[in-house]
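Asker: All I have is the shape, not the residue letters:
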């Protein structure tokens, strides 16, 4: 009888995958709403445990998330835009330093044949690119707002995110219980165990990794600002976001920051201070942030993280990138149980 359940289970799983691929263009507000709902559910559970009603708790968590988002938009976004504008203005100086200082030093150090990079009229190039960017932005806006239905659909998707998040956050536990009761009774105990482990993995990854990325972005930005690097916020933000892949944030951040710092200061002392900032950030990540916020429950190799992101983007675009790592982390839980079941079977242990 148990063997007859597997074809049904595989059929449902296949149907779910086909539906996800076919409905991918409309899934973005639902995926974002589910992500917000999952992030807020533990906070709502805490408030509910202290005697606050579920709906009131969801409203309070929504106010908290809205305040944090507004604070970020009002403070971080203008500063990032200013520094990005400054970065564009420094492109000619950075290119000149690479061609006149860095490249000749590398060639002489490693006895490489001389290679000359082409001379670029940066004034014309930047003007042309900014003009192209303006045309692209205008064309995108025309595409979005070219018809009343297009604009209405865009606004509807934007407004749908908090609605989906609110109802999922309010009814999360009820929905999970109903889904568990739909499983065959013989599977419910094992399914509850594996879902609990998957929830630990997802919580460790989504909540923990986001906090690690945020903390590293703040550490790197503040450290570079104390050193005096002019593009501290941009460099720190990029390094923090790249930390979703282990060690990638450190590598991207320190290399780009060293180049910018040397082009700005022109002395090795500044490079040592930049290296110290990223060294402190890496130590804090390894000793404090990752063990406390994430732990060792994810079990995803860095190569698997990169593959999951690329595969998700290839299959379902931006929606695929959003769900790639959570889905991979959950799959790893079931794979570990499958491997344990296989090693306990007669097929593995028999003569």
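Answerer: Everything's here; your move. It should be emphasised that the depicted structure is a prediction, and the values quoted were computed from it without experimental measurement.
Asker: and residue 199, which of the three is it?
Answerer: With DSSP: H, G, I helix; E, B strand; the rest coil as the basis, residue 199 sits in helix.
Asker: immediately after the worst-scoring helix or strand of the chain on mean pLDDT, which helix or strand?
Answerer: Taking mean pLDDT, DSSP states H and E as the measure, the helix or strand of the chain with the lowest value is helix 122-145, at a mean of 54. Next in sequence after helix 122-145, counting helices and strands by DSSP states H and E, comes helix 148-181.
Asker: In that following helix, which residues are buried?
Answerer: 160, 161, 162, 164, 165, 166, 168, 169, 170, 172 (16 or more other CB atoms under 10 Å). Every C-beta, even on glycine, is put in place using the N, C-alpha and C of the backbone.
Asker: wait, which of these is closest to residue 105?
Answerer: Nearest to residue 105, judged by CB to CB, of the buried residues of helix 148-181 is residue 161 at 50.2 Å.
Asker: Isn't the closest one up against residue 29?
Answerer: Yes: contact criterion CB atoms under 8 Å: residue 161 and residue 29 qualify, at 4.8 Å.
Asker: What is the distance between stretch 316-331 and the centre of its chain?
Answerer: Offset of stretch 316-331 from its chain centre (CA atoms, centre = their mean, to the nearest Å): 10 Å.
Asker: For that stretch, which outside residues touch it?
Answerer: Around stretch 316-331, the neighbours that count as contacts under CB atoms under 8 Å, 6 or more residues apart in numbering are 20-21, 24, 27-28, 31-32, 35, 198, 201-202, 205-206, 244, 298-300, 304-305, 308-309, 311-314.
Asker: out of these, which are inside helices?
Answerer: Using DSSP state H, the subset of those located in helices is 20-21, 28, 31-32, 35, 198, 201-202, 304-305, 308-309, 311-314.
Asker: Just the residues contacting the one helix or strand residue 15 maps to, thanks.
Answerer: Using DSSP H and E, residue 15 sits in helix 2-22. Here helix 2-22 makes contact (CB under 8 Å, 6+ apart) with 27, 184, 186, 187, 315, 316.
Asker: The third one: which element?
Answerer: Put plainly, it is residue 186. Using DSSP H and E, residue 186 sits in helix 185-202.
Asker: ok so, going back, just the buried residues out of the ones in helices among the contacts of stretch 316-331, in PyMOL syntax.
Answerer: The PyMOL selection below is limited to those of these classed as buried (16+ other CB under 10 Å):
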select buried, resi 20+28+31+32+35+198+201+202+305+308+309+312
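Asker: re earlier: got the angle for the helix holding residue 15 vs helix 185-202?
Answerer: Counting by axes from the mean of the first three to the mean of the last three CA atoms, to 10 degrees, helix 2-22 points 40 degrees away from the direction of helix 185-202.
Asker: pLDDT on helix 2-22, on average?
Answerer: Here helix 2-22 scores 72 as its mean pLDDT.
Asker: So for that helix, what gets flagged as buried?
Answerer: For helix 2-22, the neighbour count (16+ other CB under 10 Å) marks residue 20 as buried.
Asker: Next: stretch 70-87.
Answerer: residue 83.
Asker: mind checking how far it is from the chain centre?
Answerer: Averaged C-alpha coordinates place stretch 70-87 at 19 Å from its chain's average position (CA atoms, centre = their mean).
Asker: can you check stretch 264-284 too?
Answerer: Remark: stretch 264-284 is offset 25 Å from the chain centroid, using CA atoms, centre = their mean.
Asker: now do stretch 49-60
Answerer: For stretch 49-60, the distance to the chain centre is 29 Å (CA atoms, centre = their mean).
Asker: Which pLDDT value does the model give residue 176?
Answerer: Here, the pLDDT recorded for residue 176 equals 79.
Asker: for residue 231, same thing?
Answerer: Here, the pLDDT recorded for residue 231 equals 82.
Asker: Who are the contact partners of it?
Answerer: Residues near residue 231 by CB under 8 Å, 6+ apart: 83, 86, 87, 90, 224, 260.
Asker: The same query, at a cut-off of 10 Å, please.
Answerer: When contacts are counted by CB atoms under 10 Å, 6 or more residues apart in numbering, residue 231 is found next to 83-84, 86-87, 90, 221, 224-225, 237-238, 256-257, 260-261, 264.
Asker: can you map out the helices along the stretch 251-351 of the chain?
Answerer: 268-284, 302-343, 346-349 (DSSP state H, counting those that start in this stretch).
Asker: What's the mean pLDDT across the longest one?
Answerer: Average pLDDT, helix 302-343: 80.
Asker: Give me the phi and psi angles of the residue nearest the centre of the chain.
Answerer: Residue closest to the average C-alpha location in the chain (CA atoms, centre = their mean): residue 244, at 5.7 Å. Per-residue torsions, residue 244: phi -60, psi -30 (degrees, to the nearest 10).
Asker: Distance of it relative to residue 38?
Answerer: For residue 244, the distance to residue 38 equals 17 Å [CB to CB, to the nearest Å].
Asker: got it, and residue 67?
Answerer: Residue 67 sits 20 Å away from residue 38, going by CB to CB.
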